[in-house]
Each structure stands twice: as C-alpha cells, then as structure tokens.
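Student: next comes the sequence, and after it the predicted model I'd like to discuss.
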Amino acid sequence: MVTVDKAVIARLDKGGKHFEVLVDPELAYALKEGKSVSIQAMLAVNQVFSDASKGTKSSEDDMKLFKSDVFSAAEEIIKKGDVQLTAEFRRKKAEDKRRQIASIISKNAINPQTKLPHPQERIENAMEKARVNIDPFLSADQQIPAILAALRPILPISIEQAEIEVKISAKYASRVFGALKSLGEISGQTWGSDGSLVAKIKVPAGLKQTIYSKINALTEGSAIIK
C-alpha cells in the first residue's frame, strides 16, 4: 500500500457530486492502461473523499451513487476520472510509450522501396520530425494508425495489413464499435435488428493478437472473431 505522502489524487464528478481517492501513481496509471491491478494495494487510504486534501469523507448518501463498496468505487473513479499525475511522471510515461510504439512499427513495417525494415531509431527520429503527439494513457495499438499516417509524408513506410471480422452482441456493440474505430480502418459494418454488430476492420498484422485480446476483454469473451 502506498503511503499518503507519496499518493496522488484521482477525481471524478458523478451525479452532481465530487469524489476523490488517494492512489499510487504507478498502479493508477497501470489501471488506466487496462492492466490488472490490486485496488487495495493502490489506495493509500481505504476511503472515498469529497475533498482529500482536507480529509473530508464522502457521505454515505453520496456513496450510494456507486452502488458498491469502496474498492469498486475507487476503481471507477480512476478509470473514468482524472488522475493528478505530475508533469514529470506524464513526460516519462509518454516517452516510454513513444519507444514502445517505435519498436512495434519497426518490427512490423518496411521501406517499400528496399523491402527492408526501418531501424527503431529511424522511426523515433521520424516521429520527432513529424511532431507526433503521444498520449501516455492510450494503448500503443490505438495510436499506431494515426502515427503511421503522420510518418508517411516523411518516411517511405508500409505495414502488412490484416482484415478481421468481429461479431458483437447488442449488449456490447456500441462500446466495441467505438473502440474498433480507434484500432484500425473499418472496412464494413452491418447492424442487426437486435442491435448486434458484424464489422470488418483492417489492422496492422503484427497487432492482431493484441487486438483480439482487447475485443475479448471488452465483450467478456463473447465476441466471435474471424
């Protein structure tokens, strides 16, 4: 468990009320990235506040907005709210994500003129020249399509594409469709009368397994992927 003096504040407004929790910045960041994290280990204090800096606890009536315990409420606050990370922490995480993205592109992309891969350093230099903005909270696969588009005017680059088809039940369709648009190019979509969705999406071939995992996580494993 993180100590109070090393914790940061995560904030969320819900139902006209303000909620805060004190959290470990590294674990909170990991949770927002979609990783599995122990909520109990992440909290400095097992309490939800209306003002953490003053130690003012949220009332029992206000906590009914979450309809669950402190740990579930804290998880929602972090996932949906804003974590007050320091500028240095954000800079470091953005730089880590930049290197991760450059590594993925280097392993999956080639120079179409020479048919040879681009070294990671060349990718990183091109990203800097293109002034690519890296979001430390978005996964690498969500950012790669836009980054490739920014790199193409600067660097001859192509990446093998794969087309996958996903069938999503009505329960998850709207949520997953929003995610699909950020993961690749949607080449076809059919909405069923029951609200279900069948969509085809073009994605970098090297990211197929990552994207499969993300879709399965969003649908609790109920998606049919071809």
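Tutor: Noted; the coordinates are in hand. Residues are numbered from 1 along each chain as shown.
Student: where's the residue nearest the centre of the chain, which helix or strand?
Tutor: Nearest to the mean C-alpha position of the chain, counting by Cα atoms, centre = their mean, stands Leu138 at 3.8 Å. Using DSSP states H and E, Leu138 is not contained in any helix or strand.
Student: which pLDDT value goes with it?
Tutor: Note for Leu138: predicted pLDDT of 81.
Student: do the one 5 residues further on as well
Tutor: pLDDT, Gln143: 89.
Student: got a list of what the residue nearest to Asn111 when sequence neighbours are not counted touches?
Tutor: Once flanking residues are discounted, Asn111 sits nearest to Pro156: 5.2 Å by Cβ to Cβ, 6 or more residues apart in numbering. Where you see a C-beta, it was placed from the backbone N, CA and C, and this is true even at glycine. Residues counted as contacts of Pro156 (Cβ atoms under 8 Å, 6 or more residues apart in numbering) are Asn111, Pro112, Gln113.
Student: name all residues that make contact with the residue nearest to the centre of the chain.
Tutor: Lys97, Ser182.
Student: and the gap between it and Gly81?
Tutor: 16 Å (Cβ to Cβ, to the nearest Å).
Student: report the buried residues of the strand or helix carrying Gln100.
Tutor: Element membership for Gln100, per DSSP H and E: helix 87-108. Neighbour counts over helix 87-108 (16 or more other Cβ atoms under 10 Å) mark Phe89, Arg90, Lys93, Lys97, Arg98, Ile101, Ala102, Ile104, Ile105, Ser106, Asn108 as buried.
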